[in-house]
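Colleague: I need the structure of the sequence given here:
(one chain, ligands or ions: 1)
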Amino acid sequence: MKFSLTILGSSAAVPTASRNTTAHVLNAHERFYLIDCGEGTQLQIRRNRIPLGNIQQVFISHLHSDHLLGIYGYLSTLSLLGRKAALNLYGPADLENIISGHFSRVPDTLLFPLNFTALTETGLKLIHEDKAVEVWSFPVRHRTPTWGFFFREKTRTPEGYSAYGRSYAYCSDTLFDPGLSRFFMGCDLLYHEATYSEAHRKRAFSTTHSTAAQAGEMARLCKAGQFDHWPLFSPVQGCFGSPGGSQNGFS
Ligand SMILES: [Zn+2]
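Modeller: Here you go, the predicted model:
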């Protein structure tokens with residue numbers, strides 16, 4: 001059974017010629033989950049041959065543009081392609097106003113329903129469950145309300161009992177906070193955004209972001225099986241067991 005993550009964008013704040021802003025797709029048992037939706041995400045989905053219409057759940061960590069701007073084009077395209085099935089979106093409370101506001105003012109009409117779930121919890125919260133995964137949200141520390149997501153694969157033992165399989169934790173823009181590790185302790189893969197190198201640690205603090213070294217420290221604290229990060233202002237790449245990580249299209 002497949003459980004794989006494709007990095008559609010890993011650049012912080014601004015896209016570059018080779019790296020889009022944040023978006024990931026998790027494939028769990030051929031169910032597809034979109035996590036954040038930076039500018040150009042729909043093109044990245046196509047380039048990576050991910051079935052555009054098969055995504056049923058979209059998780060938005062926070063409302064900064066580099067994590068959100070791609071949603072308008074993505075939704076518009078789905079409608080033009082004839083989607084009728086509802087799409088479920090999870091994100092900060094204002095996500096619904098922002099997206100609904102956009103489509104109420106442009107002459108495009110979405111021909112399928114959007115179901116919004118507002119993230120408000122201050123602790124770990126189960127926000128979605130299906131046959132393949134459980135998805136838990138947890139708050140992180142950014143200058144706007146922001147959540148991370150913890151995906152746990154659901155499997156069955158040979159005796160037929162339900163069990164947890166592989167796991168993936170996504171830690172969006174956040175101040176380094178060792179306490180966050182309790183939300184995804186022992187995850188198999190941690191993706192922790194890091195915007196600065198260690199030389200810019202003060203700036204990372206003042207702008208509520210993390211450095212690459214801090215992201216690595218979080219991977220150590222939570223005992224992650226694999227770790228992936230790539231800061232904007234330093235081409236430092238640190239991955240456990242996946243030396244090609246974080247570039248567009250990496251799975
Ligand atoms: Zn942000």
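Colleague: All the helices of the chain, residue numbers only.
Modeller: The residue ranges that make up the helices of the chain, judged by DSSP state H, are 41-47, 70-80, 94-105, 201-206, 212-221.
Colleague: for the stretch 151-251 of the chain, which spans come out with low pLDDT?
Modeller: Counting by pLDDT under 70, the stretch 151-251 of the chain contains low-confidence ranges at 226-251.
Colleague: Report the closest residue of it relative to the ion.
Modeller: Each residue of the stretch 151-251 of the chain has a distance to the ion, by C-beta to the ion, and the smallest belongs to residue 173, at 3.6 Å. To be clear about C-beta, it is placed using only N, CA and C from the backbone, and glycine gets the same treatment.
Colleague: Which residues are in contact with that residue?
Modeller: With contacts defined as C-beta atoms under 8 Å, 6 or more residues apart in numbering, residue 173 is in contact with 12, 61-62, 64, 67, 140, 142, 146, 193, 195, 208-210.
Colleague: Go ahead and confirm residue 31 touches residue 128.
Modeller: No: when contacts are counted by C-beta atoms under 8 Å, residue 31 is not listed as touching residue 128 (10.8 Å).
Colleague: Do a quick rundown of the strands in the stretch 51-200 of the chain.
Modeller: For the stretch 51-200 of the chain, the strands identified by DSSP state E, counting those that start in this stretch occupy 55-59, 87-91, 114-118, 125-129, 133-139, 147-156, 162-171, 189-192, in order along the chain.
Colleague: tell me the most buried of those?
Modeller: For those, the stretch with the most neighbours on average is strand 189-192, a mean of 28; neighbours defined as mean count of other C-beta atoms under 10 Å.
Colleague: Neighbouring strands - and their directions - for it?
Modeller: strand 162-171 (parallel), strand 226-229 (parallel) (DSSP bridges).
Colleague: Turn these into JSON lines, including distance to the ion.
Modeller: Conversion of the strands paired with strand 189-192 to JSON lines gives the following (distance: least, C-beta to the ion, whole Å):
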{"stretch": "strand 162-171", "distance to the ion": "12"}
{"stretch": "strand 226-229", "distance to the ion": "15"}
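Colleague: Make JSON lines from the ones you listed and add distance to residue 102 to it.
Modeller: Conversion of the strands paired with strand 189-192 to JSON lines gives the following (distance: least, C-beta to C-beta, whole Å):
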{"stretch": "strand 162-171", "distance to residue 102": "25"}
{"stretch": "strand 226-229", "distance to residue 102": "31"}
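Colleague: quick one: contacts for residue 116?
Modeller: 89-91, 95-96, 99.
Colleague: again with residue 81
Modeller: Contacts for residue 81 were tallied using C-beta under 8 Å, 6+ apart; they are 52-53.
Colleague: measure residue 150 to the ion for me?
Modeller: Residue 150 sits 19 Å away from the ion when distances are taken as C-beta to the ion, to the nearest Å.
Colleague: quick one: that residue and residue 128 touch, right?
Modeller: No: checked against C-beta under 8 Å, the pair residue 150 and residue 128 is beyond contact range at 11.2 Å.
Colleague: shared neighbours of these two, which are they?
Modeller: Between them, residue 150 and residue 128 have residue 135 as joint contacts when contacts are counted by C-beta under 8 Å, 6+ apart.
Colleague: For residue 225, state which of the contacts of residue 173 is nearest.
Modeller: Of all the contacts of residue 173, the one sitting nearest residue 225 is residue 193; the distance, using C-beta to C-beta, is 18.5 Å.
Colleague: can you pull the contacts of the residue lying closest to residue 54 once chain neighbours are set aside?
Modeller: In space, residue 54 comes closest to residue 32 once its chain neighbours are excluded; the distance is 5.0 Å by C-beta to C-beta, 6 or more residues apart in numbering. Residue 32 is in contact with 25-26, 50-51, 54-56, counting by C-beta under 8 Å, 6+ apart.
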